[in-house]
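J.: with the sequence up front, the predicted model follows.
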Amino acid sequence: MGGTETKPTPPPPVPVQEDERLNRASGRQYFSLDGKIIFSVAVCGQMSSGKSRFINAIRGVDESAANAAPVGEYHETQEVKKYAFPDPGLSHIWLFDVPGSSRDSVKNEEYFKEHQLVAFDCALIFVGSIIRDEDIELAKLAIKHGVPFKFVLSKCDQRIEDHEYDHNATDRETAKKAFSKKITAKTRNQLHKKGGLAMSQSEIFLISSRVIENPDVYGQYRIDEDYLLRYITTQEPLEVQITQKRPRSIGFCGTGKGGKSSLINGLMGVPNGDKWGAIVDQYSENTTKQKYKLNRLTTLVELPHTDQLEETPRNYIKNHRLDQLDLLVLVTREMVRKRDLEIANTARQNNINCIFVRSACDRDLKPTAHNPEEQKANKRRLKETDLEKYMRGIETYPALVGVKCYFVSSCCIYENCSAENKRDFGLDEDELKEKILSD
Ligand SMILES: Nc1nc2c(ncn2[C@@H]2O[C@H](COP(=O)(O)OP(=O)(O)O)[C@@H](O)[C@H]2O)c(=O)[nH]1
Ligand SMILES: [Mg+2]
């Protein structure tokens, strides 16, 4: 036999059937999310972990109402169901009650697929009494498929009471703090050890639906309810995050202990010392950038302090990407240091908007008992003398002419600041808030 043998052409490769249930676009179509600007939240996780009751609680819907999610052991949800908020201000958020996950962690890929969790903008993974392998597997699948997620430990009212009983606690507040610290550390540790999840992937909200349903009666159990609600109401759908203009970003810099964190906490309405707030500590100073989402359109960025003298102003601006900010707030005490003036000046030369904030003015304002007129005069004096000192420094830099300075007392930034505090220490807080919140 001679001649050349022609090789038989191989059969065309069989196209790998992509599982439709892991396709975001198909999932979004299935849940009628397609083409709509809706922030969709999958409330998923363990059976009887309080998912449905939480959905009713945050919607402000009574369990007995016709449009309520069925609650209780005999009402395990069979399929994913959509719930909207009756409040028209929250109509852009849809909550999806997902059936409980199975104990069999191997089947979790099935759970993720079956309920098309890839379609959602965020998954709240509800954890029962302890974190289980299935929760960790679920988180890993969410990471793999790009779905942001948070862990939620519900029914904390019961858990606090159990803690009280088990540890013979003397009062509820102490028991609550001890419980909260212990359970957070334990859960994070497990998430890290068993699942290799990083800190940023193991955020846990401790909540009780009871607190949300009836804050007057159950307020004593409050832990992270407000922060979870804030998270849900300040996020954008994933597609919007990619295509729409990014939120305004406002940077806070200045000397260590200059009042940056207190100012951020005041704007966020978070008390100093709270775990969700910026760290206020007279012994340590943050050296990395921290971000805090104030609302859907505004992110506050705490920048590293400006005391690292070997870092030139130009490098400070470059290293911490100040060019990406919409506004740079230089937080100072009584005097503006030359270094901060130089940073502000260089920022202005690079077309970055700047303002100065003279913080902690309450420390220099002794209240004059029951004499508002005298206090007004005190405030005027403080502002005039300080502003003059300030301006002397500021005006030596041509790029800083016209840059505004706000005088504030952190306590008066909080929405719930008392009338007396406002009278004694209130200065430019409202103007500052307007500046930060305006477009
Ligand atoms: N005390 C207390 N009970 C809760 C809380 N959340 C849910 N439960 C109860 O736990 C049971 C299961 O709740 P459900 O919402 O149906 O869980 P799901 O299966 O995750 O949807 C019900 O009896 C609820 O009343 C809570 O925050 N506190
Ligand atoms: Mg349910």
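T.: Right, received. Where do you want to start? Numbers count the residues shown, from 1 in each chain. Ligands and ions are numbered 1, 2, ... in the order given.

J.: most proximal residue of the chain with respect to ligand 2?
T.: Nearest residue of the chain to ligand 2: residue 52, at 3.3 Å (CB to the ion). C-beta here means a position set from N, CA and C on the backbone, and glycine is covered the same way.

J.: that residue: how many residues sit nearby?
T.: When neighbours are defined as other CB atoms under 10 Å, residue 52 has 25 of them.

J.: what's the closest non-adjacent residue to it?
T.: residue 69 (4.0 Å; CB to CB, 6 or more residues apart in numbering).

J.: next up, phi/psi of that neighbour, please.
T.: For residue 69, the backbone dihedrals are phi -80, psi 130 (criterion: degrees, to the nearest 10).

J.: where's the residue of the chain closest to ligand 2, which helix or strand?
T.: helix 51-59 (DSSP states H and E).

J.: quickly check: that helix near ligand 1 or not.
T.: Yes - on the criterion CB under 6 Å from any ligand atom, helix 51-59 is in touch with ligand 1 at 51-53.

J.: residues in contact with residue 235?
T.: By CB atoms under 8 Å, 6 or more residues apart in numbering, the contact set of residue 235 is 39, 121-122, 148, 296.

J.: can you redo these as CSV with secondary structure, pLDDT and distance to ligand 1?
T.: Listed next are the contacts of residue 235 as CSV, based on DSSP: H, G, I helix; E, B strand; the rest coil; pLDDT from 0 to 100; distance: CB to the nearest ligand atom, whole Å:
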residue, secondary structure, pLDDT, distance to ligand 1
39, strand, 95, 21
121, coil, 96, 20
122, strand, 97, 17
148, coil, 96, 20
296, coil, 78, 27
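
J.: now the buried members of these.
T.: Neighbour counting by 16 or more other CB atoms under 10 Å classes 39, 121-122 among those as buried.

J.: could you find the closest non-adjacent residue to residue 148?
T.: Nearest residue to residue 148 in three dimensions, chain neighbours excluded: residue 122, at 4.8 Å (CB to CB, 6+ apart).

J.: just the element for the closest residue to residue 324 other than its chain neighbours, please.
T.: For residue 324, ignoring the flanking residues on the chain, the nearest one in space by CB to CB, 6+ apart is residue 249 at 6.2 Å. Per DSSP H and E, residue 249 falls inside strand 248-254.

J.: try residue 377
T.: helix 372-394.

J.: tell me, how many residues neighbour residue 392?
T.: By other CB under 10 Å, 11 other residues sit near residue 392.

J.: export the residues of helix 51-59 next to ligand 1 to JSON lines and append columns for pLDDT and distance to residue 216.
T.: Output for these, formatted as JSON lines (pLDDT from 0 to 100; distance: CB to CB, whole Å):
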{"residue": "51", "pLDDT": "96", "distance to residue 216": "24"}
{"residue": "52", "pLDDT": "95", "distance to residue 216": "23"}
{"residue": "53", "pLDDT": "96", "distance to residue 216": "18"}
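
J.: can you pull out the strands in the stretch 301-439 of the chain?
T.: 327-332, 354-358, 405-407 (DSSP state E, counting those that start in this stretch).

J.: what is the mean pLDDT for the strand holding residue 249?
T.: Mean pLDDT, strand 248-254: 93.

J.: hang on, the earlier thing: turn the contacts of residue 235 into a markdown table, including distance to ligand 2.
T.: Converted to a markdown table, these look like this (distance: CB to the ion, whole Å):
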| residue | distance to ligand 2 |
| --- | --- |
| 39 | 21 |
| 121 | 21 |
| 122 | 18 |
| 148 | 22 |
| 296 | 28 |
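
J.: follow-up on the earlier one: only the C-alpha atoms, please, for the strand holding residue 249, written as PDB.
T.: C-alpha atoms of strand 248-254 as PDB (Å, rounded to 0.1, in the frame of the first residue of the first chain):
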ATOM      1  CA  ARG A 248     -18.600  60.400  45.800                       C
ATOM      2  CA  SER A 249     -15.500  59.700  47.800                       C
ATOM      3  CA  ILE A 250     -14.500  62.100  50.600                       C
ATOM      4  CA  GLY A 251     -11.100  61.700  52.200                       C
ATOM      5  CA  PHE A 252     -10.100  62.800  55.700                       C
ATOM      6  CA  CYS A 253      -6.500  63.400  56.600                       C
ATOM      7  CA  GLY A 254      -4.500  65.200  59.100                       C
END
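
J.: okay, now the sheet partners of that strand, with direction.
T.: As defined by DSSP bridges, the strand partners of strand 248-254 come to strand 298-302 (parallel), strand 327-332 (parallel).

J.: how far away from the center of its chain is that strand?
T.: 16 Å (CA atoms, centre = their mean, to the nearest Å).

J.: same check on stretch 252-270?
T.: That offset, for stretch 252-270, works out to 16 Å (CA atoms, centre = their mean).

J.: with adjacent residues omitted, what lies nearest to residue 356?
T.: Closest to residue 356 by CB to CB, 6+ apart is residue 405, at 4.1 Å.

J.: and that neighbour, what does it touch?
T.: 355-358, 387, 390-391, 394.

J.: again with residue 56
T.: Residue 56 neighbours (CB under 8 Å, 6+ apart): 62-63, 65, 68-69, 71, 209.
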